[in-house]
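Colleague: whatever this is, show me its structure:
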Amino acid sequence: MPAAIHYVGVDLAWGERQRTGLAVLDADARLLHLSSVHTDEEIRTALAPYVKGACLVGFDAPLVVTNPTGSRDAEKELNRDFRVFEAGAHPSNTSKPEFADGGRGARLCRLLRLDVDPRSGRRRRAIEVYPHPATVVLFGLSRTLKYKNKPGRTLDSMRGELLVLMGHLEQVVTTDATWAALRTAVEQATRKSELGRAEDQVDAVVCAYVALFADRWPDRVTTYGDLERGYIVTPTLLDAQVVTQRAVAEYATRWPELVTVAEQQVALVTAMLDEAGINYLSVAGRAKSVASFAAKAARTQDGAPLYTDPLREITDQVGVRVITYVRSDVAAVAEVLGAQVRVLDDRDLGQETASEGRFGYASRHLLLARDDGGVAQVQVRTVLQHAWAQFEHDIRYKGTVPAEHARDFDRRFTLAAGLLELADQEFTTIRERLRGGSVEEPPSGADGVSPRELAAYLAGQYADAAWSRPDHYAWIAGLLGELGLTTLADLGEVLAGVDLAAIVARMDYRYPPGAVRRLDDALLSAFGERYVDLPGNAHRRGLLRARMEKMSG
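Modeller: Residues are numbered from 1 along each chain as shown. Below you'll find the model as predicted:
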């Protein structure tokens, strides 16, 4: 039986005043040792039990430096592959004081009597590794994790990134109590220096795992450079990862433009819904953040990339979300958008969930063609569907669901989804009954018709019309004032002279118009150009004139 082998990681500091992280794994990737030391002698003492027999030590430090200036060939070659991941190596040369005598890494290899030839078959050897590119390949990252202390980085952001790396390592390494204590220290850190004391040990575990990886799967690692001029060993970058990162880099350059496009799409959707008189709670939008795009582009399924052309296949780069009050409004919004914009795809995810006999995520997703040749994803859902989706997403994807609670949480989310669907149905019933019922006409105030009075009046005047947005009642009440209609009686006299049925026939509404839209058309029919020229209509005179032509056609 072959002797047990130890895989050692050394995150080596340039000098003995700074901390050096040490980690040791066994052949089953179980963490045997984790510490932080300073001097060469402390390193030798700590590692002595693990390097006296078969071992492979991964040093995060140059082991061979011969060039007098500039970068080693190994660094240049690695940078060509990994620069787009922000994982390039710093230059090493003998003009730097730390490498004038060959460097601390080379000195420790001599002290520990380790062979530094990356092709060596000896039992006790060392290789130079580099954690940043290794983590990119091993964990499918779109960029390096930013846990090092550099200008502009906050304690919270550094801690979050370090914890992400620790989470990745916990998937490939069996950790111990020392690691658990280190994680607690990171979680409770109140100063960047406390994170600094932890990061060298985390990096050491990365180095140890790269050593294990290189020994176990030599055909899956790349050696940049050579023994004579210096080398770096790291897991081989996959072609798909290069494609992904190039897409992320291109997306980053496009992002400022997409922010403007998203604002334009929100304005466009809002204008269409307002023109149609659809009652909705809110319209909001965003350009997908670079970090979110990168995370989605890096997704895999059964080990294969989910997206082979992320810039084309990720269709929610520009997203708009419409929140309605009840489910019937979701269909109305989709119908309005479909009548005015080319819809490339229309998926009712709530219907898909229901067809499987389940309760859960419910939202209508429409993929719209933009005038500039791009696409925009529009999500339409009720306020209750939105509340469920947001809470479920935060819990499942932004939090951590303990394994012992997963099945219970699934059941509770399903129960909540069913109750909210029932509530949606009841709200729809309430609104439909109010729409068809008689409403007693309220008295008008001395200062003209109030929005609330107008809403109650229109509910009786247009019993078959959908509700309109509260701010739209206020807006059209202001137009009544501009027309000199200060009482509901004044408005009633005007509407008595309008052929409402003829307006409905001429306009041929493709969707149920709201009460405000019905009144808007009636006033346009009654007052013509005078209504168009009101100051409150300055922003939409073109639309009103187009409607006038339709009424008279």
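Colleague: name the next helix or strand downstream of the helix or strand bottoming out on mean pLDDT in the chain, please.
Modeller: Least confident helix or strand, the chain: helix 349-355 with a mean of 62, by mean pLDDT, DSSP states H and E. Going down the chain from helix 349-355, the next helix or strand is strand 364-369, by DSSP states H and E.
Colleague: that next one pairs with which strands, and in what direction?
Modeller: strand 343-348 (antiparallel), strand 375-382 (antiparallel) (DSSP bridges).
Colleague: average pLDDT for that strand?
Modeller: Average pLDDT, strand 364-369: 92.
Colleague: CA atoms only: put that strand into CSV for me.
Modeller: Provided in CSV are the C-alpha atoms of strand 364-369 (Å, rounded to 0.1, in the frame of the first residue of the first chain):
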residue,chain,number,x,y,z
ARG,A,364,-46.6,36.6,-17.0
HIS,A,365,-43.4,37.0,-18.9
LEU,A,366,-43.4,38.8,-22.3
LEU,A,367,-40.4,39.2,-24.5
LEU,A,368,-40.8,42.4,-26.5
ALA,A,369,-38.9,43.5,-29.6
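Colleague: return the set of buried residues in the host helix or strand of D490.
Modeller: D490 belongs to helix 488-496 when assigned by DSSP H and E. Burial within helix 488-496, assessed by neighbour count using 16 or more other C-beta atoms under 10 Å, is assigned to 488, 490-491, 494-495. Heads up, the C-betas are built off the backbone N, CA and C, glycines and all.
Colleague: with stretch 478-487 instead?
Modeller: Counting neighbours by 16+ other C-beta under 10 Å, one finds that the buried residues in stretch 478-487 are 478-480, 483, 485-487.
Colleague: returning to what we had before: next, format the buried residues of helix 488-496 as CSV and append distance to Y509 and pLDDT.
Modeller: Output for those, formatted as CSV (distance: C-beta to C-beta, whole Å; pLDDT from 0 to 100):
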residue, distance to Y509, pLDDT
L488, 25, 91
D490, 26, 91
L491, 22, 92
V494, 21, 92
L495, 18, 91
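Colleague: let's have the residues you listed in JSON lines, adding distance to V57.
Modeller: Output for the buried residues of helix 488-496, formatted as JSON lines (distance: C-beta to C-beta, whole Å):
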{"residue": "L488", "distance to V57": "88"}
{"residue": "D490", "distance to V57": "91"}
{"residue": "L491", "distance to V57": "87"}
{"residue": "V494", "distance to V57": "90"}
{"residue": "L495", "distance to V57": "89"}
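Colleague: tell me which strands the helix or strand hosting G58 pairs with, and in which orientation.
Modeller: Element membership for G58 (DSSP H and E) is strand 55-59. Partner strands for strand 55-59, per DSSP bridges, with pairing direction: strand 6-11 (parallel), strand 124-128 (parallel).
Colleague: so what touches the longest one?
Modeller: Looking back up the chat, that one is strand 6-11. Contacts to strand 6-11, defined as C-beta atoms under 8 Å, 6 or more residues apart in numbering, come from residues 20-27, 32, 43, 47, 50-51, 53-61, 108, 129, 131, 200-201, 203-212, 215.
Colleague: what subset of the residues you listed is buried?
Modeller: For these, buried by 16+ other C-beta under 10 Å: 20-26, 32, 43, 47, 50-51, 54-61, 108, 129, 131, 200-201, 203-212, 215.
Colleague: okay, and which of these map to helices?
Modeller: In helices, defined here by DSSP state H, the members of the buried ones among the contacts of strand 6-11 are 43, 47, 50-51, 108, 131, 200-201, 203-212, 215.
Colleague: is Y473 in a helix, a strand, or coil?
Modeller: helix (DSSP: H, G, I helix; E, B strand; the rest coil).
Colleague: now it. Nearest residue, chain neighbours left out?
Modeller: Nearest non-adjacent residue to Y473, counting by C-beta to C-beta, 6 or more residues apart in numbering: P451, 4.0 Å away.
Colleague: ok, the one you found - contacts?
Modeller: Listed by C-beta under 8 Å, 6+ apart, the contact partners of P451 are 470, 473-474, 477.
Colleague: can you rerun that using 7 Å?
Modeller: Each residue near P451 by C-beta atoms under 7 Å, 6 or more residues apart in numbering is listed here: 473-474, 477.
Colleague: what segments of the stretch 351-500 of the chain are helices?
Modeller: Secondary structure of the stretch 351-500 of the chain (DSSP state H, counting those that start in this stretch): helices located at 383-393, 406-436, 451-461, 470-483, 488-496, 500-507.
Colleague: please tell me how far D203 sits from L162.
Modeller: 10 Å (C-beta to C-beta, to the nearest Å).
Colleague: count the neighbours of D346 for me.
Modeller: 14 (other C-beta atoms under 10 Å).
Colleague: so what pLDDT did it get?
Modeller: 91.
Colleague: partners of it in the sheet?
Modeller: Counting by DSSP bridges, D346 is bridged to L366.
Colleague: does it touch L366 like I think?
Modeller: Yes: using C-beta atoms under 7 Å, D346 is in contact with L366, at 5.2 Å.
Colleague: now stretch 48-63: how far from the chain's centre is it?
Modeller: Put simply, stretch 48-63 sits 40 Å off its chain's centre (C-alpha atoms, centre = their mean, to the nearest Å).
Colleague: so what touches that stretch?
Modeller: With C-beta under 7 Å, 6+ apart as the criterion, stretch 48-63 contacts 3-12, 24, 33, 92, 99, 103-106, 109, 112, 114, 116, 123-131, 203, 207-208, 210-211, 215, 230.
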